[in-house]
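Q: what follows is a predicted structure for the sequence shown.
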Amino acid sequence: MQPAGRPEWQLPDGVPPGVWHYTMAEHIAEQYDEYFAKNRLFEFDEQVLARHFTRPGLVVDLGCGTGRALVALARRGFRGLGVDLSPAMLRIVAEKARAENLPISVLRANLVQLDCLAGGSFDYAVSLFSTLGMIRGRGHRRQALGHVRRALKPGGLFVLHVHNFWFNLFDPVGRRWLLGHLLSVPFRRGEQRGDKFFHYRGIPEMFLHTFTLGELRGELAAAGFRIKELIPLAMGRQRPLSCPWLFGRFRANGWIMVCE
């Protein structure tokens, strides 16, 4: 199947066909706020942002979706730039900004190709709801992190959310996927450990890379980030994991990391 009318070889770097379908699907954007209205992770990560982003400044949201994090920050006096590959998502962000006269601009761009962002121009950066995991290929994810590091001012903060590869051990379907994946991935060209493909809201072969804690720490360090706070998430993703010292790298649903 051609991805939304474009052959796979013409897709942007790091964007697999499923993610391209996702970004081009009007229904994903139009139903986004309603679909996730009860997602407690959104409340929790906004609390993390409020705790760490204490002084208003310029924030870039990488994979901004419909702007839920940017709108909350703009209401507190921040200026924002929402970056996304989805025209429909960005249209909704712009509509929200106009409705409340909020200082939010939008930019359609691939997170792997952000040379358009001036170096040292942002006080804060966020990439939430596992947006980094929607980039296929370790090299492409490293490029995206490198752009974030370059775009931040000295002392700037970056808040990131990803999913945990090993959390699949705690779900019957996940365990079956994990076993098959570990056995087959060495023989699949172009696929890396942690790469998942699944059907999602009418999108065939949606892609998400899930991380081990060691992998994530290594990628952030390679990009020049230091982890200021690591928050392992409980199963429901609405609070920190209890007793994280007890096999936390396996039990965590994912992590929110505050980096500088």
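A: Everything's here; your move.

Q: below-threshold pLDDT in the stretch 1-150 of the chain: ranges please.
A: Scanning the stretch 1-150 of the chain for pLDDT under 70 picks out the ranges 1-6.

Q: report the contact partners of the nearest residue to M257 once chain neighbours are set aside.
A: Distances taken as Cβ to Cβ, 6 or more residues apart in numbering put L160 closest to M257, at 4.9 Å, once the chain neighbours are dropped. (C-beta placed from N, C-alpha, C; glycine too.) Contacts of L160 were listed using Cβ atoms under 8 Å, 6 or more residues apart in numbering, and they are 126-128, 132, 220, 256-257, 259.

Q: pick out the most distant pair among those.
A: Taking Cβ to Cβ as the measure, the contacts of L160 span a maximum distance of 15.4 Å, between L128 and L220.

Q: ok, these two, which is more surrounded?
A: L128 (24 against 19; other Cβ atoms under 10 Å).

Q: correct me if wrong: that one contacts V162.
A: No - L128 lies out of contact with V162 (Cβ atoms under 8 Å); the separation is 9.8 Å.

Q: run the chain-centre distance for stretch 184-197.
A: A distance of 20 Å separates the centroid of the chain from that of stretch 184-197, by Cα atoms, centre = their mean, to the nearest Å.

Q: and that stretch, end to end?
A: Length of stretch 184-197, first residue to last, Cα to Cα, to the nearest Å: 14 Å.

Q: what residues does it touch?
A: Contacts of stretch 184-197 (Cβ under 8 Å, 6+ apart): 18, 136-138, 165, 177, 181-182, 205-212, 215.

Q: swap in 6 Å and give it another go.
A: Contacts of stretch 184-197 with the rest of the structure, by Cβ atoms under 6 Å, 6 or more residues apart in numbering, involve 165, 205, 207-210.

Q: pull out the buried positions in it.
A: 194-197 (16 or more other Cβ atoms under 10 Å).

Q: then stretch 26-40?
A: 28-29, 32.

Q: all the strands of the stretch 151-260 of the chain, residue numbers only.
A: 152-163, 195-200, 203-209, 227-232, 254-259 (DSSP state E, counting those that start in this stretch).

Q: so which of those is the most packed in?
A: strand 254-259 (a mean of 22; mean count of other Cβ atoms under 10 Å).

Q: which secondary structure elements does that strand contact?
A: helix 40-52, strand 152-163, strand 227-232 (3 or more Cβ pairs under 6 Å, 6 or more residues apart in numbering; DSSP states H and E).
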